[in-house]
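Chemist: Turn this into a model:
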Amino acid sequence: MKRQTIIIILLIVALLAMMLVGCIVGTANIGLKDALQVLMSVFGGENSANIPESTYYIILNLRLPRVLLAVVTGGGLSVCGVAYQAIFRNPLSDPYVLGVSSGASLGAAIAIIIALDGAFLGISALSFLTALLTVILIIGISSIGNRLHTTTLLLAGISINFLISALISVLMILNKQEMDKIIFWTMGSLASANYESVAITACFVFIGVMIVALYARDLNTMLLGSSSARTMGVNVERTKKIILVSSTLMIAVIVSFTGVIGFIGLVVPHIVRLIVGSDNRRILPYALLGGMLFMLSADIVCRTVIPPSELPIGSITSLIGAPVFIYLLFNAKKRLNG
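Modeler: Numbers count the residues shown, from 1 in each chain. As a prediction, this is how the structure comes out:
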């Protein structure tokens, strides 16, 4: 327990340091001292007359909301990955790989076209609906009796991904005036972050993470198989539905504000599992902090590689996540051959 506490503290310190870096780096040159003074003013410190108003505006209105949104979404996506992998008993399960994130982006595209993007939770509501329908469709395709077949699950997810991408492309062609907005969702970005989006996302992610944490012990039991879990007193179907709905809701809200950002739910839980084992009660806090660090680091890279322009964050996470996915597939192949 002492070792775990130390690691958690070190991760929190690293996260705070990366958040500070996120407030400093960018097109405008801002020093460490100025950034610290501006951030301290948020907690009741006095505004320094030596710091230009533009510096306050850049940090407090542009960079800090973006940093906070990166932290919230990274942690949420990582915990969703843990939940999906536990439910499906498959380390390759991930909201992006299974097409759930794409399903949420389809809802966002429809909401943009019918002008619901200005309504409170308009995009989030449609994203949740289409993401949930995507999950139901994938489970229906990949179920054989009462079991989910791993290979069929992955193939169904990939197929649904292609289908949704085609539907979004058709929607963009038919609604060229909204094409730029829709492209934004499909590529993923934190550029439009503000305190409202941070607050809404944080609320849903907090509730979702708490629900997953509450059922962590049941998820551990379900790793032994549905029959074994039932004999140990776990209501398997109810647990699956609660975790699935809460995780899908998290994904929908995140996608509605950031677009599709893939592979965080695959990469981070896999690395954490290699370090701490398969106990979901231990995995969750590490995955939460790891996802925050991963997303924040990816966003900093996006902003600094080709200034003053920036790369879509989804491309950075995919560049890292795709090789990890291939590696996991090779490991699965070796186990089958063995």
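Chemist: Show me what the host helix or strand of residue 185 is in contact with.
Modeler: For residue 185, the host element (DSSP states H and E) is helix 179-187. Residues outside helix 179-187 that contact it (Cβ atoms under 8 Å, 6 or more residues apart in numbering) are 105, 108-109, 112-113, 117, 165, 168, 171-172, 175, 192, 255, 259-260, 312, 314-315. The way it works is simple: take the backbone N, C-alpha and C, and place the C-beta from them, glycine included.
Chemist: ok, 10 Å please
Modeler: Contacts with helix 179-187, where a contact means Cβ atoms under 10 Å, 6 or more residues apart in numbering, come from 102, 104-113, 117, 123, 127, 164-165, 168-169, 171-173, 175, 191-192, 255-261, 311-315.
Chemist: helix or strand for the closest residue to residue 98 other than its chain neighbours, which one?
Modeler: Residue nearest to residue 98 in three dimensions, not counting chain neighbours: residue 157, with 3.8 Å by Cβ to Cβ, 6 or more residues apart in numbering. Secondary structure assignment for residue 157, by DSSP H and E: helix 150-174.
Chemist: quick one: average confidence on that helix?
Modeler: Mean pLDDT, helix 150-174: 84.
Chemist: Let me see the contact set for residue 247.
Modeler: So residue 247 contacts 76-77, 79-84, 87, 95, 100, 131, 135, 208-209, 211-212, 265 (Cβ under 10 Å, 6+ apart).
Chemist: again, 6 Å this time
Modeler: 80, 83 (Cβ atoms under 6 Å, 6 or more residues apart in numbering).
Chemist: Mind checking what secondary structure it has?
Modeler: At residue 247 the chain is in helix, as set by DSSP: H, G, I helix; E, B strand; the rest coil.
Chemist: Could you check how many residues crowd around residue 278?
Modeler: 12 (other Cβ atoms under 10 Å).
Chemist: Ignoring the adjacent residues along the chain, who's closest to it?
Modeler: Leaving aside its sequence neighbours, residue 278 sits nearest to residue 223 (Cβ to Cβ, 6+ apart; 6.7 Å).
Chemist: and the one you found, backbone torsions?
Modeler: Dihedral pair for residue 223: phi -60, psi -20, per degrees, to the nearest 10.
Chemist: At the geometric centre of this structure, which residue do we find?
Modeler: With distances taken as Cα atoms, centre = their mean, the residue of the chain nearest its centroid is residue 77 (2.4 Å).
Chemist: so what secondary structure elements neighbour the helix or strand containing residue 272?
Modeler: According to DSSP H and E, residue 272 maps onto helix 264-276. Where contact means 3 or more Cβ pairs under 6 Å, 6 or more residues apart in numbering; DSSP states H and E, helix 264-276 is packed against helix 64-88, helix 280-304, helix 313-337.
Chemist: so which of those gets nearest residue 197?
Modeler: helix 64-88 (6.1 Å; Cβ to Cβ).
Chemist: For the nearest residue to residue 56 once chain neighbours are set aside, give its distance to residue 61.
Modeler: The shortest distance from residue 56 to any non-neighbouring residue, by Cβ to Cβ, 6+ apart, is to residue 38 (5.5 Å). From residue 38 over to residue 61 the distance is 11 Å, taken as Cβ to Cβ, to the nearest Å.
Chemist: between these two, which one's more packed in?
Modeler: The residue with more neighbours, out of residue 38 and residue 61, is residue 38; 23 against 12, by other Cβ under 10 Å.
Chemist: pretty sure that one is touching residue 59, no?
Modeler: Yes - assessed by Cβ atoms under 6 Å, residue 38 is found in contact with residue 59 at 4.7 Å.
Chemist: Kindly tell me how buried the residue nearest to residue 42 when sequence neighbours are not counted is, as a neighbour count.
Modeler: Once flanking residues are discounted, residue 42 sits nearest to residue 60: 7.0 Å by Cβ to Cβ, 6+ apart. Residues within reach of residue 60, counting by other Cβ under 10 Å, total 16.
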